[in-house]
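Asker: the sequence isn't on hand, but the structure is:
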Ligand SMILES: Cc1cc2nc3c(=O)[nH]c(=O)nc-3n(C[C@H](O)[C@H](O)[C@H](O)COP(=O)(O)OP(=O)(O)OC[C@H]3O[C@@H](n4cnc5c(N)ncnc54)[C@H](O)[C@@H]3O)c2cc1C
């Protein structure tokens with residue numbers, strides 16, 4: 001199978017880095033250890049004790065590019081050697097303050113400018129709640145009236161979106177707008193659609209994110225494609241399953257409304273694969289960024305492309321995984337001629353910890369994938385040992 005070639009998958013890792021990955025994935029596979037690790041980290045942070053040394057060597061270096069874009073360039077170059085592009089993302093989550101939103105905008109603009117100078121960084125990304133208060137996104141999503149101050153805050157959010165999208169076009173760097181919790185998402189959907197309408201007239205620069213764990217998203221995607229065709233603009237879709245399932249289900253239960261989540265994992269998987277088919281049928285209007293670590297769906301996509309004789313390097317086709325995860329998918333896809341990019345988070349060690357804790361959660365909740373990853377790492381360690389002996 002395409003993804004099982006561990007030599008290609010781990011080519012860029014030294015023996016020591018491979019051992020570190022083995023240790024990390026072994027630890028993360030233990031749910032109780034992850035819970036303990038999170039708890040101890042939060043206590044260290046509260047007491048302002050140093051967590052950075054240990055983190056830097058272990059989790060941080062495995063999942064992040066570095067503290068700044070310049071330091072992250074080493075990772076960008078290493079990935080590029082194996083034909084994989086990078087998506088630099090300043091992954092710091094800050095307080096709900098206007099000064100933080102302006103700072104986030106500044107960081108995204110700096111990253112766009114930096115990316116424009118290196119063809120190995122074709123995308124940049126921002127998270128909507130880094131640009132404005134989630135309460136405002138929620139009120140706008142629910143169609144509630146805003147106070148005069150909130151109206152001004154919303155106008156500043158819209159302006160930050162415009163500034164970023166206009167810069168993306170100017171620098172000729174593609175831009176992802178991440179998706180978040182469903183109760184904030186309608187405002188984000190509408191705003192992102194406005195951006196695509198304005199900035200994706202000829203080419204796709206702005207990519208929306210569509211979370212297929214929501215049972216309403218296939219219908220949403222169909223309508224979005226119809227609107228784009230009717231109004232002559234193009235759509236970028238970063239297709240993901242969705243990262244907030246526990247939070248979504250807990251809120252729906254607590255507030256007593258039907259959960260927007262698919263009832264089963266299988267339902268989410270079917271939805272995801274149906275969205276792939278829908279997009280491939282409209283590849284002239286839609287550009288797809290496959291944002292997933294799921295092997296089965298990647299095989300589905302590859303089979304459809306082969307069946308329809310769509311070239312692997314079609315400009316409306318990208319695959320993407322997170323740095324430090326699913327290298328066996330990323331590198332083997334790149335080797336087979338597909339366009340692949342990895343999200344490379346960067347930022348100060350301490351401030352990236354919330355991002356890293358989410359990765360730990362994700363690797364625990366998708367334990368099947370973690371086991372697979374660990375198996376492949378161990379297979380590669382054995383392969384190298386055998387080669388050294390032989
Ligand atoms: C490049 C990239 C960008 C991303 N950007 C975003 C983003 O902007 N917003 C965002 O929300 N997430 C984002 N994600 C995370 C993504 O949504 C998933 O959480 C993560 O990738 C795991 O899903 P998977 O398809 O890789 O793997 P899989 O292991 O196949 O799927 C796990 C996912 O399936 C779904 N699931 C699990 N159990 C059930 C169940 N019982 N019922 C229904 N569904 C279930 C959940 O969505 C879960 O995360 C991104 C991921 C990548 C790789």
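Answerer: Everything's here; your move. Note that the structure is predicted; figures quoted are calculated from it, not measured.
Asker: which of the three states applies to residue 266?
Answerer: What DSSP: H, G, I helix; E, B strand; the rest coil gives for residue 266 is helix.
Asker: need the contact list for it.
Answerer: By C-beta atoms under 8 Å, 6 or more residues apart in numbering, residue 266 lies in contact with nothing. C-beta here means a position set from N, CA and C on the backbone, and glycine is covered the same way.
Asker: so how far is residue 84 from it?
Answerer: Applying C-beta to C-beta, to the nearest Å, the value for residue 266 to residue 84 is 30 Å.
Asker: where does the closest residue to residue 91 other than its chain neighbours fall, secondary structure wise?
Answerer: Distance criterion C-beta to C-beta, 6 or more residues apart in numbering; nearest residue to residue 91, sequence neighbours excluded, is residue 345 at 3.6 Å. Using DSSP states H and E, residue 345 maps to strand 340-346.
Asker: is the ligand within reach of that strand?
Answerer: Yes: under the criterion of C-beta under 6 Å from any ligand atom, the ligand is reached by strand 340-346 at residue 343.
Asker: contacts for that strand?
Answerer: 63-69, 71-72, 75-76, 79, 83-91, 122-123, 125, 289, 318-323, 330-331, 333-334, 352, 355.
Asker: which ones among these map onto strands?
Answerer: Using DSSP state E to define strands, the subset of the contacts of strand 340-346 located there is 85-90, 123, 125, 289, 318-322.
Asker: spell out which parts of this protein neighbour the ligand.
Answerer: Close to the ligand, as judged by C-beta under 6 Å from any ligand atom, the chain has residues 178-179, 209, 211, 213, 240-245, 261-262, 264-265, 268, 291-294, 320-322, 343, 362, 366, 369.
Asker: buried among these? Need that as a selection in PyMOL.
Answerer: Command for PyMOL, covering only those of the residues of the chain next to the ligand found buried under the criterion 16 or more other C-beta atoms under 10 Å:
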select buried, resi 178+179+209+211+213+240+241+242+243+244+245+261+262+268+291+292+293+294+320+321+322+343+362+366+369
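Asker: circling back: farthest pair within the ones in strands among the contacts of strand 340-346?
Answerer: The distance between the two most remote of the ones in strands among the contacts of strand 340-346 (C-beta to C-beta) is 22.8 Å, for 90 and 319.
Asker: state the mean pLDDT of stretch 307-314.
Answerer: For stretch 307-314, mean pLDDT rounds to 96.
Asker: scan the ones in strands among the contacts of strand 340-346 and report the most crowded one.
Answerer: residue 88 (30 neighbours; other C-beta atoms under 10 Å).
Asker: which strand or helix spans the residue nearest to residue 374 when sequence neighbours are not counted?
Answerer: Counting by C-beta to C-beta, 6+ apart, residue 374 lies nearest to residue 25, which is 4.3 Å off, once chain neighbours are set aside. Per DSSP H and E: residue 25 is located in helix 15-28.
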